[in-house]
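# generate a structure from the sequence data that follows.
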Amino acid sequence: MKLLVAYLATPGGEDAVAFGACLARTFAASLDIAIVIPPDPPDVTTSEAEFTEALDEAAKEWVAGAEDVVPDDVAADIQVVVDEHVAHGLIGEIDRVGATMLVVGGSGGGITGRHSLGTVVNDLLHSSPVPVALAPRGFSHTGPERIREITTAIGSRPGAEILLDTALALSARGDVPLRLLSLVSHDDIAARTTDDEAVARAVDLANTSLQTAHQRLPDQTQISSTVAQGRNIEEAVGGVEWNDGDMIMVGSSRLAAPGRLFLGATAAKMLTVLAVPLLVVPGPDRG
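So this is what the prediction gives:
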């Protein structure tokens with residue numbers, strides 16, 4: 001398992017490195033860190049040459065800064081990637097190093113709860129070919145050394161199976177407890193369905209997923225399931241108990257391209273109330 005961390009010399013970059021180290025410890029994964037800088041302009045004038053030199057010096061400082069924030073017990077390979085677009089450069093680096101997960105931190109842009117989604121992170125959450133792990137703000141200061149428990153928001157839509165498969169694989173790899181979460185939003189219940197029927201379906205889904213997990217995980221693995229309901233997704237998620245070291249996993253929207261990630265409306269709503277890391281898993285490759 002190989003993790004790729006997107007680093008900038010910002011608090012969000014430090015959060016990403018800290019979360020990457022947490023995941024590396026938990027899942028015995030190797031860690032690569034990528035710093036993306038723009039290419040030299042085609043026609044270099046004196047001022048542009050000075051800018052390029054300053055950028056190269058900044059890249060060296062960023063590499064040194066990344067090295068400083070990597071914990072002593074975690075080994076990391078740091079690379080400077082040259083690309084005009086940061087998201088494009090990171091996706092190319094995913095392919096080059098064979099990364100199985102991309103780790104990002106918050107950066108400028110719209111602030112939602114403890115998560116801050118800048119332009120680059122938002123682009124990656126709608127295009128990455130591998131799962132994207134998003135660190136909440138402040139993780140480098142308050143985050144745990146290892147994941148305590150994985151919570152998976154299960155559903156019955158297309159792509160739900162690959163999400164559960166990924167959660168089961170991570171739980172087994174890290175010997176981490178797994179909690180299966182079925183959410184009921186009363187505002188989203190179809191007119192022809194009663195609240196009681198929606199809850200009953202959620203319970204059935206949770207029980208079915210729980211049975212699958214027991215069949216596929218070692219006997220010693222702690223597995224649980226819960227149904228959370230509220231007037232909306234935010235209230236349902238907010239009513240769930242969360243602890244330090246928890247991580248939630250969600251699937252991609254139905255709008256996702258085959259084998260690609262697309263942050264859906266439900267996951268986006270979760271971000272407004274969650275203070276724990278989020279892992280978004282791409283949909284199946286239908287090609």
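# average pLDDT across the strand or helix carrying Glu57?
Using DSSP states H and E, Glu57 maps to helix 46-69. Averaging pLDDT along helix 46-69 gives 74.
# what strands flank whichever helix or strand comes after it, and is each parallel or antiparallel?
The helix or strand immediately downstream of helix 46-69 is strand 76-82, counting by DSSP H and E. Here strand 76-82 is paired, per DSSP bridges, with strand 30-37 (parallel).
# output the partner strand as PDB - backbone C-alpha positions only.
Taking C-alpha atoms only, strand 30-37 is exported to PDB below (Å, rounded to 0.1, in the frame of the first residue of the first chain):
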ATOM      1  CA  SER A  30       4.800   3.500   2.400                       C
ATOM      2  CA  LEU A  31       4.700   7.300   2.200                       C
ATOM      3  CA  ASP A  32       5.500   9.600  -0.800                       C
ATOM      4  CA  ILE A  33       5.200  13.400  -0.600                       C
ATOM      5  CA  ALA A  34       4.700  15.500  -3.700                       C
ATOM      6  CA  ILE A  35       5.200  19.300  -4.000                       C
ATOM      7  CA  VAL A  36       3.900  20.700  -7.300                       C
ATOM      8  CA  ILE A  37       5.500  23.800  -8.900                       C
END
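# per-domain residue ranges of this protein.
Listed domain ranges for the chain are 2-142, 149-242 (source: automatic domain parsing).
# any idea how far Ser30 is from Glu149?
Between Glu149 and Ser30 the computed distance is 23 Å (Cβ to Cβ, to the nearest Å). (Glycine included, C-beta is placed from N, CA and C.)
# right, I mislabeled it, should have said Glu234
In terms of Cβ to Cβ, Glu234 sits 36 Å off from Ser30.
# deepest of the domains of the chain, which one?
For the domains of the chain, the largest average neighbour count (mean count of other Cβ atoms under 10 Å) is found in domain 2-142, namely a mean of 18.
# distance between the ends of it?
End-to-end distance of domain 2-142: 24 Å, with Cα to Cα, to the nearest Å as the criterion.
# residue contacts, Pro277?
The contact partners of Pro277, by Cβ atoms under 8 Å, 6 or more residues apart in numbering, come to 19, 133-136, 139, 143, 246-248.
# so can I have JSON lines of these showing secondary structure?
Shown next, in JSON lines, are those (DSSP: H, G, I helix; E, B strand; the rest coil):
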{"residue": "Phe19", "secondary structure": "helix"}
{"residue": "Ala133", "secondary structure": "strand"}
{"residue": "Leu134", "secondary structure": "strand"}
{"residue": "Ala135", "secondary structure": "coil"}
{"residue": "Pro136", "secondary structure": "coil"}
{"residue": "Phe139", "secondary structure": "helix"}
{"residue": "Gly143", "secondary structure": "coil"}
{"residue": "Asp246", "secondary structure": "strand"}
{"residue": "Met247", "secondary structure": "strand"}
{"residue": "Ile248", "secondary structure": "strand"}
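# just the closest of these to Ala206, please.
Looking at those and their distance to Ala206, the nearest is Ile248, at 15.3 Å (Cβ to Cβ).
# now the closest one: closest residue in space, sequence neighbours ignored.
In space, and not counting its chain neighbours, Ile248 is closest to Thr151: 4.6 Å by Cβ to Cβ, 6 or more residues apart in numbering.
# surely the one you found is in a strand?
Yes: counting by three-state DSSP, Thr151 falls inside a strand.
# that one contacts Arg179, correct?
Yes: when contacts are counted by Cβ atoms under 8 Å, Thr151 is listed as touching Arg179 (4.5 Å).
# what do the two both touch?
Counting by Cβ under 8 Å, 6+ apart, nothing touches both Thr151 and Arg179.
# tell me what the most centrally placed residue in the chain is bridged to.
The centroid of the chain falls nearest to Ala133 when counting by Cα atoms, centre = their mean (1.9 Å). With DSSP bridges as the criterion, Ala133 is bridged to Val103, Leu279.
# show me where the stretch 151-287 of the chain has strands.
Using DSSP state E, counting those that start in this stretch, the strands of the stretch 151-287 of the chain run over residues 178-185, 223-230, 246-251, 278-281.
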